[in-house]
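**Student:** any chance you can model this:
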Amino acid sequence: MALPWVLCSLLAALLSPGQADSGTEEYLKREHSLVKPYQGVGATGSNTHWDLQGNTMVTSHFIRLTPDLQSKQGAIWNRVACLMQDWEVQVHFKIHGQGKKNLNGDGFAIWYTKDRMQPGTVFGSKDLFSGLGIFMDTYPNEEKQQERIFPYISAMVNNGSLSYDHSRDGRPITIGGCSALVRNLNHDTFVVIRYLKRRLTVMINIEGKNEWKDCIDIPGVKLPLGYYFGISSATGDLTDNHDIISVKVYQLTVQRTAEETESDDIVLVPSVDNLKFEDDDVDYEPMSGLTLFFIVFFSLVGLMVLAVIGIIVFQKWQEQSRKRFY
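**Tutor:** Residues are numbered from 1 along each chain as shown. The predicted model follows:
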């Protein structure tokens with residue numbers, strides 16, 4: 001039974017984008033990975049490391065999170081908490097359906113979170129999560145935006161206090177992203193999430209050329225140990241098949257300087273150093289000093305006018321009250 005895993009490891013070594021990084025070694029972690037023939041997935045015993053949720057269906061060739069039908073949700077969640085300091089997740093997926101361009105949805109999310117197996121409104125999983133979410137969003141909900149071309153990949157680091165805004169495709173709180181035209185393709189499509197030395201990078205291989213392209217690169221990302229990997233998906237009025245062919249998780253080993261080792265404090269709450277949301281790039285024109293002066297001046301004048309009117313009304317009321325007593 002070990003032979004398929006050895007072959008998977010050798011093939012992954014050839015395909016993985018991480019081989020270009022000198023000094024970094026990768027080790028496939030079976031307890032976090034999911035490959036064909038998906039033996040025992042979703043069973044109640046201890047022989048499997050993955051749970052199924054919702055409308056998820058297992059076949060001999062793929063795991064379908066949602067079918068091309070309305071109002072479906074599905075997810076797969078790893079049962080084993082991740083205790084690796086540096087890791088990489090490679091997901092082989094396929095999104096396809098009968099809907100035309102921008103008439104399909106909604107996409108799927110790859111998770112590294114504190115809680116698992118909790119359905120919700122964010123691509124089939126809970127909102128206000130604690131951890132990391134990578135969103136493969138296939139439908140533009142925000143009509144006025146022109147910057148993004150969908151499908152679109154974005155990232156979000158959450159300490160449990162931020163809510164994902166579907167009406168704006170997560171724009172207020174996502175920290176990076178790129179377009180990824182991944183629907184109805186006849187070749188394999190992959191996405192890689194790498195967390196190394198507290199740097200989050202996302203790369204895609206979607207053109208059938210075995211070429212990896214950068215999508216997201218964010219330094220200073222702090223994620224706690226002991227969280228869980230998962231993938232979830234949802235459809236609404238618009239639909240698609242969301243299929244997962246494999247999930248391969250690698251432990252990364254890399255040499256650290258004494259300074260890097262000293263700075264690697266224990267992380268208890270997910271965070272990003274010098275956090276900059278995508279919407280921070282929008283140019284907001286600040287008020288000039290003259291404009292602020294006039295606003296304050298006319299506000300004070302308005303208050304004075306209201307005070308004078310109040311005094312006059314009060315005096316009139318007093319005069320009428322005295323006349324009633326004489």
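**Student:** was I right to think V221 contacts T201?
**Tutor:** No. Contact criterion CB atoms under 8 Å: V221 and T201 do not qualify, at 9.6 Å. For the C-beta atoms, the positions are set from N, CA and C on the backbone; glycine is no exception.
**Student:** which stretches of the stretch 51-200 of the chain form strands?
**Tutor:** 57-58, 63-66, 73-78, 87-96, 107-113, 119-122, 125, 130-137, 152-159, 177-179, 189-196, 199-205 (DSSP state E, counting those that start in this stretch).
**Student:** and those: which comes nearest V41?
**Tutor:** strand 57-58 (5.6 Å; CB to CB).
**Student:** from the contact counts, what lies against the closest one?
**Tutor:** strand 63-66 (3 or more CB pairs under 8 Å, 6 or more residues apart in numbering; DSSP states H and E).
**Student:** what's Y139 in contact with, if anything?
**Tutor:** N102, N104, G105, D106, G107, F150, L238 (CB atoms under 8 Å, 6 or more residues apart in numbering).
**Student:** what would those residues look like in TSV with pLDDT?
**Tutor:** Output for the contacts of Y139, formatted as TSV (pLDDT from 0 to 100):
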residue	pLDDT
N102	75
N104	92
G105	91
D106	94
G107	97
F150	93
L238	95
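**Student:** now these in CSV, with distance to N186 and neighbour count?
**Tutor:** Putting the contacts of Y139 into CSV (distance: CB to CB, whole Å; neighbours: other CB atoms under 10 Å) gives the following:
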residue, distance to N186, neighbour count
N102, 21, 12
N104, 17, 24
G105, 21, 24
D106, 23, 25
G107, 20, 26
F150, 20, 20
L238, 22, 16
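**Student:** wait, which of the residues you listed is closest to L300?
**Tutor:** F150 (49.2 Å).
**Student:** quick one, what contacts the nearest residue to that closest one once chain neighbours are set aside?
**Tutor:** Sequence neighbours aside, P140 is the residue nearest to F150 in space, at 4.8 Å (criterion: CB to CB, 6 or more residues apart in numbering). Shown in contact with P140 (CB under 8 Å, 6+ apart): N102, R148, F150, Y152, D169.
**Student:** L181 contacts P151, doesn't it?
**Tutor:** Yes. Between L181 and P151 there is a contact under CB under 8 Å: 6.4 Å.
**Student:** okay, the two: which has more neighbours?
**Tutor:** The neighbour comparison of L181 against P151 (other CB atoms under 10 Å) goes to P151, with 23 against 16.
**Student:** show me what contacts the nearest residue to that one once chain neighbours are set aside?
**Tutor:** Nearest-residue entry for P151: T138, 4.4 Å, with adjacent residues in sequence omitted and distances by CB to CB, 6+ apart. Counting by CB under 8 Å, 6+ apart, T138 makes contact with I95, N104, G105, D106, G107, F150, P151, V182, R183, D240.
**Student:** isn't the last one up against Q70?
**Tutor:** Same thing as D240. No. D240 is not in contact with Q70 according to CB under 8 Å; the separation is 10.9 Å.
**Student:** between those two, who's got more neighbours?
**Tutor:** Neighbours were counted for D240 and for Q70 using other CB under 10 Å; D240 has more, 29 against 12.
**Student:** which non-adjacent residue is nearest the more buried one?
**Tutor:** Setting aside the residues directly before and after it, D240 is nearest to G97 in space (CB to CB, 6+ apart), at 3.8 Å.
**Student:** what is the neighbour count of F314?
**Tutor:** Neighbourhood size, F314 [other CB under 10 Å]: 9.
**Student:** N205 too?
**Tutor:** 21.
**Student:** run through the bridge partners of it.
**Tutor:** F190 (DSSP bridges).
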